[in-house]
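Participant: structural data only, the sequence is not supplied:
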C-alpha cells in the first residue's frame, strides 16, 4: 500500500474521535433528511483531514527528494504489482468511508454515492500529482487505472444492489527474513538482508503494516448469503464471507532485488537463493457489518473495522508451483 494507505491511516484517528463524539450525542444513525449542521460539520472535517493528510504525506514521503517538472512513469510490474492492489484497496475504502459520512448527514443514497466517488478519486489523484513532480517517482496512469477500479467497485455495487456484497480488505504479518550477507558487485563491504529490510520497511510493526509488501495480502471478500437465491438456507450465517487474496514475497527492490549502497556500490541478490514470487489465497472471512447487534456503538465499531481481514485458515497457491495450507493466517 505504502503512500496510498498513508492517507487512509491518517484518517483513522479523526474517525475515532468523531465516532466518540457522535456516540455521546446518540447520533450514530444516519439522518432521515439532509441535516445542514451535520453536512457542514462533515464537509469542514473532511477538508481539514484532506489538508492535514496532504501535508503529512508530503512530509513523510516527498520532502527529502528533489522536485522536477511534471512527468509520467511506467511502474507496471513494480513490487510484483502489490502497490497496484494497494491502490485498488485504498480507493475502495476511501469511497466507502466517504459514503458513510455523507449518508450520516442525511444526503440521499445516489448523491452520497457520487460524492464518495469524487472524494476517492480526489484523494488518490493528489498522490499521483505529488508523484508527478517528484524526481524519485512519477505520475502513473496505471495507478489511476487501479484507483478507478477501486472506486468503481464501490459505486457499481451501490447502484446495482444498494449494498456492498464485495468488500476490499487487508491483512499483514511481518515476514521472517533470512540472515543473508549480500556482497556488492566488484567487491566491498557486505550488507545483511535485514539492513535492507529496515531501510525499506522500517523497524516497527506500524511501519511494516503500511510499507512491507512482503507481509501484506489484499483481499476481495464476498458475502455468501447475499448472492444466494432467497438469501440461502437459514443455517448459513449472514456475516460469512469467502475471500480471495493476493500477495508476493521476497521483494527488496521495485522491479528487481538490486539496490545502490551509500557509496554508490551495487548490491544484487541471487535469484536462486532469494526468488521473487506471487501468492494467491482462498480463505473464509466475516462481514463485520452484518453481525447482528442492537448496540449502536458496537455496530459502528464493527463497521469501522470492516476493512481488516479476520485471521482464518488459508489455502495458498504460488508462482513457485507450490500449494500450501495454513491453519491460521493473517
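Facilitator: Okay, I see it. As the structure is a prediction and not an experimental result, all values here were calculated from the model.
Participant: helices along the stretch 1-150 of the chain, start to end?
Facilitator: 3-24, 36-57, 82-104, 109-132, 141-161 (DSSP state H, counting those that start in this stretch).
Participant: which of those helices sits most buried?
Facilitator: Stretch with highest mean neighbour count among those: helix 82-104 (a mean of 25; mean count of other Cβ atoms under 10 Å). Heads up, the C-betas are built off the backbone N, CA and C, glycines and all.
Participant: same for it, what does it pack against?
Facilitator: If contacts are counted by 3 or more Cβ pairs under 8 Å, 6 or more residues apart in numbering; DSSP states H and E, helix 82-104 sits against helix 3-24, helix 36-57, helix 109-132, helix 141-161, strand 166-172, strand 216-223, strand 240-249.
Participant: output these as a markdown table; include the columns distance to residue 101.
Facilitator: Converted to a markdown table, the helices and strands packed on helix 82-104 look like this (distance: least, Cβ to Cβ, whole Å):
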| stretch | distance to residue 101 |
| --- | --- |
| helix 3-24 | 9 |
| helix 36-57 | 5 |
| helix 109-132 | 8 |
| helix 141-161 | 13 |
| strand 166-172 | 18 |
| strand 216-223 | 22 |
| strand 240-249 | 24 |
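Participant: closest to residue 202 out of the helices of the stretch 1-150 of the chain?
Facilitator: Among these, helix 3-24 comes nearest to residue 202, with 12.5 Å by Cβ to Cβ.
Participant: quick one: average pLDDT of the closest one?
Facilitator: For helix 3-24, mean pLDDT is 48.
Participant: kindly report the same for stretch 118-138.
Facilitator: Here the average pLDDT along stretch 118-138 is 92.
Participant: before we move on, back to that, what about the helices of the stretch 1-150 of the chain, which gets the closest to residue 296?
Facilitator: helix 3-24 (7.4 Å).
Participant: thinking again about what came up before, can you say which of the helices of the stretch 1-150 of the chain is nearest to residue 266?
Facilitator: Closest among the helices of the stretch 1-150 of the chain, using Cβ to Cβ: helix 82-104, at 23.4 Å.
Participant: I'd like the average pLDDT over that closest one.
Facilitator: Taken as a whole, helix 82-104 has an average pLDDT of 95.
Participant: the chain should start at 18 in everything you say after this.
Facilitator: Will do, 18 is the new start, and the previous item becomes helix 99-121.
Participant: just to revisit the earlier point, out of the helices of the stretch 18-167 of the chain, nearest to residue 336?
Facilitator: Nearest of these to residue 336, taken as Cβ to Cβ: helix 99-121 at 13.3 Å.
Participant: what does stretch 275-290 contact?
Facilitator: Residues outside stretch 275-290 that contact it (Cβ atoms under 8 Å, 6 or more residues apart in numbering): 197, 199-203, 205, 208, 210, 213, 269-270, 273-274.
Participant: likewise for stretch 245-264?
Facilitator: 99, 102, 184, 186, 188, 233-242, 295-305, 307-309, 326, 331.
Participant: are any of those buried, and which?
Facilitator: 99, 102, 184, 186, 188, 233-242, 296, 298, 300, 302-305, 307, 326, 331 (16 or more other Cβ atoms under 10 Å).
Participant: compute the first-to-last residue distance for stretch 215-222.
Facilitator: 11 Å (Cα to Cα, to the nearest Å).
Participant: now that stretch, how far from the chain's geometric center?
Facilitator: 18 Å (Cα atoms, centre = their mean, to the nearest Å).
Participant: tell me the buried residues in it?
Facilitator: By neighbour count on 16+ other Cβ under 10 Å, the buried set for stretch 215-222 is 217-218.
Participant: check stretch 247-261 too.
Facilitator: Using 16+ other Cβ under 10 Å as the test for burial, stretch 247-261 gives 256, 258, 260.
Participant: span of it from start to end?
Facilitator: Using Cα to Cα, the end-to-end distance of stretch 247-261 comes out at 24 Å.
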